[in-house]
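1. okay, predicted coordinates and the sequence, questions at the end:
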Amino acid sequence: MVKFIESELVLLKKEIDEMWTLVYNQLDRAGEAVLTFDRELAQQVLVRERRVNAFELKIDSDVEDIIALYNPVAIDLRFVLAMLKINTNLERLGDFAEGIARFVLNCTEPVPDVELLKQLRLEEMQQQVLSMLELAKKALQEENLELASAVFAKDNLLDEINAEVTTILADYIAKHPDSISLCLNLISVFRKLERSGDHITNIAEELVFFIDAKVLKHSGNTD
């Protein structure tokens with residue numbers, strides 16, 4: 001029985017790794033689509049969203065089978081539960097990528113001012129999200145508590161950038177009254193990136209729970 005469950009857990013970890021890569025690429029493409037206003041790239045994100053949803057359902061089903069067939073305990077149970085929650089958070093990240101891509105496809109206004117995007121620090125924010133996701137993935141691969149914990153500090157930059165967005169865009173609208181719709185939609189893009197950071201922080205919490213049997217959620221220790 002022990003051998004069987006070990007092989008199932010290895011397969012589950014591999015599936016999560018593949019899901020992770022898929023979602024990372026989705027966020028990468030969506031961010032690039034906004035920065036370059038590449039509608040074709042944005043459309044690719046929408047098409048691949050179906051794969052993200054299918055992957056989530058497959059992993060959920062596999063987790064249910066492992067629990068039902070092998071009744072895991074101790075660290076094995078922590079691992080399975082952590083993967084279940086991480087899977088859910090990854091799917092939400094996929095949803096955010098889709099929402100960001102839809103901004104590009106639905107935008108009827110002129111392409112956003114490049115200088116405005118620089119002032120808003122959009123590229124910096126997007127890269128930070130990807131960096132957090134990559135760091136969390138490495139923490140899982142190496143089962144490294146320090147790497148998982150390091151994700152929390154990175155979220156502060158996302159909050160900082162997002163906090164400045166409304167003021168910058170309000171000033172821009174005052175000078176360009178015809179850009180109201182575009183700016184409101186841009187706020188939504190930044191909100192999705194900020195929420196992505198929250199979900200990656202949730203993932204890091206699950207990794208700490210698995211690795212160190214600590215439950216950080218609602219403890220106030222993630223700031």
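-> Yep, that arrived. Residues are numbered from 1 along each chain as shown.

2. please count neighbours and contacts with C-alpha atoms only from this point.
-> Fine.

3. can you give me the distance of the residue nearest the centre of the chain to Gln43?
-> Residue closest to the average C-alpha location in the chain (C-alpha atoms, centre = their mean): Leu93, at 3.7 Å. Here the criterion is C-alpha to C-alpha, to the nearest Å. By it, Leu93 lies 17 Å from Gln43.

4. distance between the helix ranked longest in the chain and the chain's centre?
-> In the chain, ranked by residue count with DSSP state H as the criterion, the top helix is helix 2-36. Relative to the centre of its chain, helix 2-36 is centred 11 Å away, using C-alpha atoms, centre = their mean, to the nearest Å.

5. now for that helix, which elements pack on it?
-> Applying 3 or more C-alpha pairs under 8 Å, 6 or more residues apart in numbering; DSSP states H and E, one finds that helix 2-36 contacts helix 39-70, helix 74-106, helix 122-142.

6. residues in contact with the helix or strand just after the longest one?
-> Per DSSP states H and E, helix 74-106 leads on to helix 114-120 as the next helix or strand towards the C-terminus. With C-alpha atoms under 8 Å, 6 or more residues apart in numbering as the test, helix 114-120 has contacts from 35, 123, 161, 164-165, 168.

7. format these as a markdown table; extra columns: pLDDT, distance to Tyr24 and neighbour count.
-> Converted to a markdown table, the contacts of helix 114-120 look like this (pLDDT from 0 to 100; distance: C-alpha to C-alpha, whole Å; neighbours: other C-alpha atoms under 10 Å):
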| residue | pLDDT | distance to Tyr24 | neighbour count |
| --- | --- | --- | --- |
| Leu35 | 94 | 17 | 18 |
| Glu123 | 97 | 15 | 16 |
| Ile161 | 97 | 21 | 16 |
| Glu164 | 97 | 25 | 13 |
| Val165 | 97 | 24 | 19 |
| Ile168 | 97 | 28 | 14 |
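
8. which pair of these spans the longest distance?
-> Leu35 and Glu164 (18.5 Å; C-alpha to C-alpha).

9. picking up where we left off before, thought the residue nearest to the centre of the chain was touching Val23?
-> Yes. Contact criterion C-alpha atoms under 8 Å: Leu93 and Val23 qualify, at 6.8 Å.

10. picking that back up, spit out the contact partners of the closest residue to the residue nearest to the centre of the chain other than its chain neighbours.
-> Closest residue in space to Leu93, ignoring its immediate chain neighbours: Ser196 at 5.8 Å, by C-alpha to C-alpha, 6 or more residues apart in numbering. By C-alpha under 8 Å, 6+ apart, the residues touching Ser196 are 93, 96, 129.

11. and Ser196, what helix or strand is that in?
-> Per DSSP H and E: Ser196 is located in helix 180-212.

12. buried ones in that helix?
-> Buried residues in helix 180-212, defined by neighbour count with 16 or more other C-alpha atoms under 10 Å: 180, 182-183, 185-186, 189-211.

13. can you check what angle separates that helix from helix 122-142?
-> Angle of helix 180-212 versus helix 122-142, following axes from the mean of the first three to the mean of the last three C-alpha atoms, to 10 degrees, is 20 degrees.

14. what inclination does helix 180-212 have with respect to helix 74-106?
-> 170 degrees.

15. so for stretch 67-78, what gets flagged as buried?
-> In stretch 67-78, counting by 16+ other C-alpha under 10 Å, buried: 67, 72, 76-78.

16. what separates that stretch from the chain centre, distance-wise?
-> With C-alpha atoms, centre = their mean, you get 27 Å for stretch 67-78.

17. which residues of this structure score low on pLDDT?
-> Low-confidence segments of the chain (pLDDT under 70): 1-2, 214-223.
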